[in-house]
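Chemist: Predicted coordinates and the sequence they were generated for:
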Amino acid sequence: MEHQVVISLPAEMLGQWPWTRLLSEHYGEIKAESAAWIESFRPFDEIGMNALRRCDGSIILLGSDLINLLFVIDEYTDIEDRAGAERICKVVKDAFHNPSKSRPEGEVCVGTIARDFWLRAKSLVAPGDSCLKHFLDGWDAYMDAVIQEAHDRDKTRYRTLHDYLLLRRNSGGVYPSLALAEFGLGLPEEVWNHPALASLREKSVDLISIHNDIYSFAREMSRGLTVHNSVDVVMHERNLPLQAAMDWLGNYCIEIANDFLRELSNVPSWGKGIDEGVASYIHTLGQWVQGSYDWTFEASRYFGSAGLEIKKSRLLTVLPSHTRGYHVAGLRDRG
C-alpha cells in the first residue's frame, strides 16, 4: 500500500458494555511520576523521547510504569529480527527472574528498567503471593511470543486468525498487565483457575488485543509491521479488502463482548470474602477493556493530537509503508 487510504473505523465494538470511562483523581500526579521514571533511563533518542512524553500511561502508578516498560520493549523489538528480539528478551527475562542481581554495564537498558519495576512490584505484596507467579508466567509467555512474532515478521508468515490469536494473546503483554488486578486480593488458586474466570480473562485479552490491532493498524502499516495484526490476518485469510476486514473484526469484537457478559452468569460464589475479591477482579478486567479503548483516543501514540476528532468521525487515513516516526537510540550498539 503506497498511497493514502481513508477508512472508516468500526462504529461500535463493545455492544452493551457496562463499564464506562473512568479516570483516577491522581492521574496527573501519577502520569508525571511514571513519565519521569521511564525517562530517567533514556531508552530513546530525543525524537523518541518526545514521542514517549506524549504517550499517556495508565491510572495506577505501577500499571503506568508497566505500560511504559511495554512501550519500550515494543519499540526495541519491533525493529529486530528473531535473533535480536531473542537477545533483548533474554535480558529482560533474566532481570525479572533474578532481580537481586545488578545489571551489567553496557547492557541494553530494558534490563535495568525491568529490574527496577519488578523490585518495586514485589514489595507491594507478600512474598510467595500467587499474583507474583501469575505475573511471571504471563511475562515469560509474553517474551516467548515477542520472539515468535519477530520470526513471523522475518518470514512474512501469515497465520489463520485462530492461530494468530493464540500468539497475540501473549505478544501484547496483556496477561501480565491483568495480573496487577490481583495484587492485594489474595484470590485462592482454585478461584483464579476456575473456568469462568479463565474465560473472562481470555475474552478481555482478545478484546484489548483486537481493538489495539484495529486502532494501531495505520501506524503499523506506515512502519511495515502489519504481519502481526488481526486486520492484515483477516484480509489474507478471508480475501477481504481493508475496509471489509475492519468491519468484520468490529462485528467479531461485539460477539466476544457479548460472550464476556454472558460468561458472568457462570461465576460461582465462594463466600462473601472471596466473592468481594472476585467482583473487584472482574470489574478490573472490564474496566481495563474500556480504559484501553479510551486511552487509544486520548493519548497520542496512534493518532497524534487528532484522537478525539477521529473517535467522533471514525475516519482514519492509512499512510504509505516505511515511514517510521521515531528512533531507538543506538540500539544495535548496546547489545
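Modeler: On my side now, so go ahead.

Chemist: contacts, neighbours, all on C-alpha from now
Modeler: Fine.

Chemist: can you give me the strands in the protein?
Modeler: 5-8, 315-318 (DSSP state E).

Chemist: Let me have the ones you listed in CSV, adding distance to residue 203 and mean pLDDT as columns.
Modeler: Shown next, in CSV, are the strands of the chain (distance: least, CA to CA, whole Å; pLDDT from 0 to 100):
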stretch, distance to residue 203, mean pLDDT
strand 5-8, 25, 87
strand 315-318, 26, 85
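
Chemist: highest average neighbour count across the ones you listed?
Modeler: strand 315-318 (a mean of 17; mean count of other CA atoms under 10 Å).

Chemist: in its sheet, what does it sit against?
Modeler: Neighbouring strands of strand 315-318 in its sheet, by DSSP bridges, are strand 5-8 (antiparallel).

Chemist: what's the partner strand in contact with?
Modeler: 242-243, 314-319 (CA atoms under 8 Å, 6 or more residues apart in numbering).

Chemist: Just name the closest of these to residue 183, please.
Modeler: residue 314 (36.3 Å; CA to CA).

Chemist: Now do the same contact list for the closest one.
Modeler: Contacts of residue 314 (CA under 8 Å, 6+ apart): 8-11.

Chemist: cool, and residue 62?
Modeler: 117, 121.

Chemist: ok, 6 Å please
Modeler: If you count contacts by CA atoms under 6 Å, 6 or more residues apart in numbering, residue 62 has none.

Chemist: And residue 146, by the same measure?
Modeler: By CA under 6 Å, 6+ apart, the contact set of residue 146 is residue 171.

Chemist: Can you convert the strands of the chain into CSV and add a column each for distance to residue 201?
Modeler: Listed next are the strands of the chain as CSV, based on distance: least, CA to CA, whole Å:
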stretch, distance to residue 201
strand 5-8, 29
strand 315-318, 30
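
Chemist: Any idea which of those gets closest to residue 218?
Modeler: So among these, strand 315-318 is nearest, using CA to CA, at 4.6 Å.

Chemist: Show residues contacting that closest one.
Modeler: With CA under 6 Å, 6+ apart as the test, strand 315-318 has contacts from 4-8, 218.

Chemist: repeat that for 10 Å
Modeler: If you take CA atoms under 10 Å, 6 or more residues apart in numbering as the criterion, strand 315-318 is touched by 1-10, 215, 217-222, 303, 306-307, 309-310.

Chemist: Just the C-alphas of it, formatted as PDB.
Modeler: Extracted in PDB, the C-alpha atoms of strand 315-318 (Å, rounded to 0.1, in the frame of the first residue of the first chain):
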ATOM      1  CA  LEU A 315     -12.400   8.200   9.800                       C
ATOM      2  CA  LEU A 316      -8.700   7.300   9.600                       C
ATOM      3  CA  THR A 317      -6.000   7.900   7.000                       C
ATOM      4  CA  VAL A 318      -3.600   4.900   6.400                       C
END
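
Chemist: Measure how far it is from the centre of its chain, please.
Modeler: Relative to its parent chain, strand 315-318 has a centroid offset of 22 Å by CA atoms, centre = their mean, to the nearest Å.

Chemist: can you check stretch 251-265 too?
Modeler: On CA atoms, centre = their mean, the centre of stretch 251-265 falls 20 Å from the chain's centre.
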